[in-house]
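> sequence first, then the predicted structure:
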Amino acid sequence: MIMRRAFSSLLVGTLSVTATAFQPSHHLISKSILRSTVAANHIHHAVRIQCKSSSSLSALRGPAFCEMCGTPTQIKIPDGDERERHVCTDPTCGHIAYQNPKIVVGAVCTYNDKVLLCKRAIEPCIGKWGYPQGFLELGETSRQGAARETWEEAGVKYDPTASDLLAIYNLAGMQIQMIYRAELETDDFEAGHESSDVMFVSWEDIPWDELAFPTVAWGLEHARDVKDEANPTVQERTKLVTMDGQWKVEEG
């Protein structure tokens, strides 16, 4: 449930926090970069900051106030570090806020060669379709997280240990998605509060023009292509920003 957290912590791409994808449509990521980049006057400048300095990107996404004591933070390079971080200005605290990519997990579930899809009841992309997916929680494995998301969004259960890793998507160093494949024992389902509708459809009837995020299309296309493989080939794909501020997709 990619949007279980506030939209600000989401981006489905997420510069200030990371999306629901997630995911980076160029439009959503540009808006998030603008909100999170205090010093940036326009998006082009923010994108260049991201490309030129991962150190600056780490700092831009940090909290304005200390997570430990509530004192305002400042952007600086801590002793022994090489990246800018948000550091508590209270010398008796000095807490350093480390910002890391978010992990998103999802599952392409099938029953009798039909695929399970959920219609989003929340932003971003409300009314669009996708497979169950969301942020990994503390204390669970990626397989367990994908199964939990499937239960929460579609009311469907399956054994996480029986699922196969299907794809890994790296989104500009801000979000990593791990997508699994699972064959269900029944076609029972019940829409969760983040889904306005749930359905099983044949591969030919997938509403490709109504999918929520680019990565959803990637995952479904790959699942379709390897559906007859006992041990599916894992698709690895990276979406990044080039020096001229354009989005680029690379295999691997």
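Received, thanks.

> which residue lies farthest from the center of this structure?
Distance from the C-alpha centroid of the chain, by CA atoms, centre = their mean, peaks at T92 (35.8 Å).

> report the secondary structure state of it.
Three-state assignment for T92 (DSSP: H, G, I helix; E, B strand; the rest coil): coil.

> now for H222, how many residues are close by?
20 (other CB atoms under 10 Å). The C-beta positions use only the backbone N, C-alpha and C, and glycine is treated the same way.

> what are the bridge partners for the closest residue to it other than its chain neighbours, then?
Spatial nearest neighbour of H222, chain neighbours left out: Q235 (4.4 Å); criterion: CB to CB, 6 or more residues apart in numbering. Under DSSP bridges, the beta-bridge partners of Q235 are A167.

> and for Q235, the neighbour number?
Around Q235 there are 20 residues (other CB under 10 Å).

> pretty sure D188 contacts W151?
No. When contacts are counted by CB atoms under 8 Å, D188 is not listed as touching W151 (11.7 Å).

> which of these two has more residues huddled nearby?
Set side by side, D188 and W151 show more neighbours around W151, with 14 against 11, by other CB under 10 Å.

> what sits against the residue farthest from the centre of the chain?
Contact analysis of T92 by CB atoms under 8 Å, 6 or more residues apart in numbering lists nothing.

> thinking again about what came up before, show me what contacts the residue nearest to H222?
Residues in contact with Q235 (CB under 8 Å, 6+ apart) are L166, A167, I168, W218, G219, H222.

> how far away is the second one from M178?
Summarising the geometry, the distance separating A167 from M178, computed by CB to CB, to the nearest Å, is 8 Å.

> ramachandran angles for the closest residue to S195 other than its chain neighbours?
In space, S195 comes closest to C118 once its chain neighbours are excluded; the distance is 4.2 Å by CB to CB, 6+ apart. The phi and psi torsions at C118 (degrees, to the nearest 10) take the values phi -120, psi 140.

> so who does C118 touch?
Applying CB under 8 Å, 6+ apart to C118 gives the contacts W129, G130, Y131, P132, E153, A154, A191, E194, S195, D197, V198.

> what is the nearest of those residues to D113?
Y131 (15.4 Å; CB to CB).

> now that closest one, nearest residue through space, not along the chain?
V108 (5.0 Å).

> where along the stretch 151-252 of the chain do the helices fall?
214-225 (DSSP state H, counting those that start in this stretch).

> for whichever strand or helix holds T110, which strands pair with it and how are they oriented?
Assigned by DSSP states H and E, T110 belongs to strand 102-111. According to DSSP bridges, strand 102-111 forms sheet pairs with strand 114-120 (antiparallel), strand 133-135 (antiparallel), strand 175-183 (parallel).

> pick the most deeply packed of these.
Among the strands paired with strand 102-111, strand 133-135 has the highest mean neighbour count (mean count of other CB atoms under 10 Å), at a mean of 27.

> was I right about T89 contacting G70?
No. The criterion here is CB under 8 Å, and T89 misses it with G70 at 11.1 Å.

> higher neighbour count, the two?
Between T89 and G70, counting by other CB under 10 Å, T89 is the more crowded of the two (15 against 10).

> contacting residues for that one?
Contacts of T89 by CB under 8 Å, 6+ apart are C66, T71, P72, T73, Q74.

> where along the stretch 1-150 of the chain do the strands fall?
73-76, 85-88, 96-97, 102-111, 114-120, 129-130, 133-135 (DSSP state E, counting those that start in this stretch).

> distance of K227 from P101?
In terms of CB to CB, K227 sits 29 Å off from P101.

> again but with T110, I slipped
29 Å.

> same question, K119
Applying CB to CB to K119 and P101 gives a distance of 28 Å.

> where does the prediction get shaky in the stretch 1-150 of the chain?
Applying pLDDT under 70 to the stretch 1-150 of the chain flags residues 1-60.
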